[in-house]
Every structure is written in C-alpha cells, then in structure tokens.
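Enquirer: make a model of this:
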Amino acid sequence: MAVALVAGVAISPPVRAPLIASGPSPVPTSAPEPTPTPTPTLPPPVVTPSPEPSKSATPAPTSFEGIGPESVALVNSVLSLDVWSTPAIPKGGTPVARLAPATKVFVWQGPVLIGTQDWWEIEQLTVDHQSASKGWILTDTSSGRSLAPLPLACPPVTGLMDPSLIDSLPAPVAMACFGDESIVIRGDLRCSEAEVDGIIGGPNWLPSGSIEMCQVGLLSIVGEPVTSLATGGSEEDLGEFDVTGHFSDGESSSCGSIPFGTSGVMPSAPEAWAVRFCRQFFVVTEATKVP
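Expert: You can find the predicted model right below:
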C-alpha cells in the first residue's frame, strides 16, 4: 500500500469495504435464548467447633513427690540437716539435733510452707528403736538440702503372723504399715507388773498407776484381754497364745499428757504428740491360749 506525503503529513489511502454478493437481504434469525442452568442450593456449611482445651490442670511435679504424712524418707543431701524445735523464719526455734546424709526419717507431716521455705516434721529412725531425734527440718533443693522417698518395707499380713516381723519395724513404721488392720500373732506371752506414774493417759487400755506390761515375743502389747491374765508378780510366763490386735486404736485420739505424781487423773485435753505416741501401741482385742 502506497503512502503519499502531503505537507509533511502521511495520508493513507482509503480502505475499500469488502464486496458483498448481490441478492436478497437475509432475514435475520434470532438466536435462541440459552436455557439457564439451575444453580444447586447448597446446604449451609457445618462449622465444627475446635475442641476446648481440658480445664483439668495437671499438677506440677514437685521435688518431693512420694513423700507425705506418715511416710519414710532419706536425707538426700551432701550436707547435714539441722533439726529444729519449731518451724520458723529464718530458723526454727532452737536446734535439737543434726542429721547426717543418708539418715532415714519418718515424716509426720509436711511440707509446711512458711514464707518460701518447706518444713517437715520428722522423727529419726534408729535400728535399736531407742529414742531418736524429733523435730522440724528445713529443705532447700537449691542448696542441696533435700529428702528422697523410701518405700515402706511392710511384711505381708497373713493369717498368723510371727511377732518378730512386726517388732523388727520401728514403731511409727509398723503403725504406718498396718494402720488399724486386725492382725493375729502367735508367741509366748509374758507379763510383769510395773509402776507407771504420769506421762500419758486417756485410753482405757493405758491406765496409770500399777499395771501389767505384756509382750508376745519381743513385741510390747497392751489391752485388757492380756493384762487380765496376769496374777501379779515380777514376771510371768503365761504360755503360747494367739493374740489379735491392731495399731492406731480409736481411743488414741484421747491421749494427752499427765503430770508426774497425779496417777489416775485423766488428761485435760488431747495433745498431738501424745496421740501419735498412743497410735503406735499394739492394742489387743482377743487372746486365746494355744492348746
């Protein structure tokens, strides 16, 4: 296609329209309207709510898991632990004793939180069952003063138990092992008369004054079914008996201190330390002589 220049302006030739064949004009045909496609009605979306987190909180593990009231523990420390008369800040009352590492203790209660300090009321466990250190200890894991739990070494309760199995346990451990469960032991019963003045009273099986102290084997026992068998005297061997009894007797809750020189007087009120002491007695409910 030629392009002419007129006064510097480029002019393109006209574009020819395409030739249309002659003949009658076609009748326009209307296109059919499309049939609308129905839109399916969808159900509303189901919203599944996210499950809420459980509201039950998992207790945080503690450094003293497995240690609680009336359990056995070990002084788990490179340092000795001081025993105090009372729990207090910064120190507890007056010092009572000092426990070496690996000392076994019976935990009466704890931990008692005072301020930010954990205190435990304990009693030292001795092999010979003699008087042991009692009081409060302060544990602090950050400084290496701690306790570790020890399982209770309890003999199984059988139909007829050897009293030596029970006597081999420190008194608080025997109490914790058997509680008030009824136990039958067999052995030689011996009783002797003793003068008891003051100290502790309350239960009917723990009178003050002149009473009979009895044993089966080496296990000390109390209770009218055996003391009533004694006829008096320095020591009596009454023969072999099957003796039924238990620890943690219900009357222990009445135990309290009695001043010296006041035999036959009931305590004015129960005292926690006396109640614990009484719970450690093996109280006899029945005694049958073995044929």
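Enquirer: give me the neighbour count for the closest residue to Val290 other than its chain neighbours.
Expert: Nearest residue to Val290, sequence neighbours excluded (C-beta to C-beta, 6 or more residues apart in numbering): Glu240, at 4.3 Å. Where you see a C-beta, it was placed from the backbone N, CA and C, and this is true even at glycine. For Glu240, the neighbour count with other C-beta atoms under 10 Å is 13.
Enquirer: the one 5 residues further on too?
Expert: Per other C-beta under 10 Å, the neighbour tally for Gly245 reads 25.
Enquirer: how about Thr158?
Expert: With neighbours defined by other C-beta under 10 Å, the count for Thr158 comes to 10.
Enquirer: and if you look at Glu236?
Expert: Glu236 has 17 neighbouring residues, counting by other C-beta under 10 Å.
Enquirer: and the pLDDT for it?
Expert: Reading off the confidence values, Glu236 has pLDDT 80.
Enquirer: distance of it relative to Val157?
Expert: Glu236 sits 29 Å away from Val157, taking C-beta to C-beta, to the nearest Å as the criterion.
Enquirer: repeat that for Asn204.
Expert: Distance of Asn204 to Val157, computed by C-beta to C-beta: 26 Å.
Enquirer: Ile166 is in contact with Gln280, isn't it?
Expert: No. The criterion here is C-beta atoms under 8 Å, and Ile166 misses it with Gln280 at 11.5 Å.
Enquirer: only the C-alpha atoms, please, for the helix or strand containing Ala274, written as PDB.
Expert: Assigned by DSSP states H and E, Ala274 belongs to helix 272-279. Output in PDB follows, covering the C-alpha atoms of helix 272-279 (Å, rounded to 0.1, in the frame of the first residue of the first chain):
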ATOM      1  CA  ALA A 272      -1.000 -34.100 119.000                       C
ATOM      2  CA  TRP A 273       2.300 -35.600 120.200                       C
ATOM      3  CA  ALA A 274       0.600 -37.900 122.700                       C
ATOM      4  CA  VAL A 275      -2.000 -39.000 120.100                       C
ATOM      5  CA  ARG A 276       0.800 -40.000 117.800                       C
ATOM      6  CA  PHE A 277       2.600 -41.900 120.600                       C
ATOM      7  CA  CYS A 278      -0.600 -43.800 121.500                       C
ATOM      8  CA  ARG A 279      -1.300 -44.800 117.900                       C
END
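Enquirer: ok, the residue nearest to Val290 - contacts?
Expert: With contact set as C-beta atoms under 8 Å, 6 or more residues apart in numbering, Glu240 has these partners: 186-189, 289-290.
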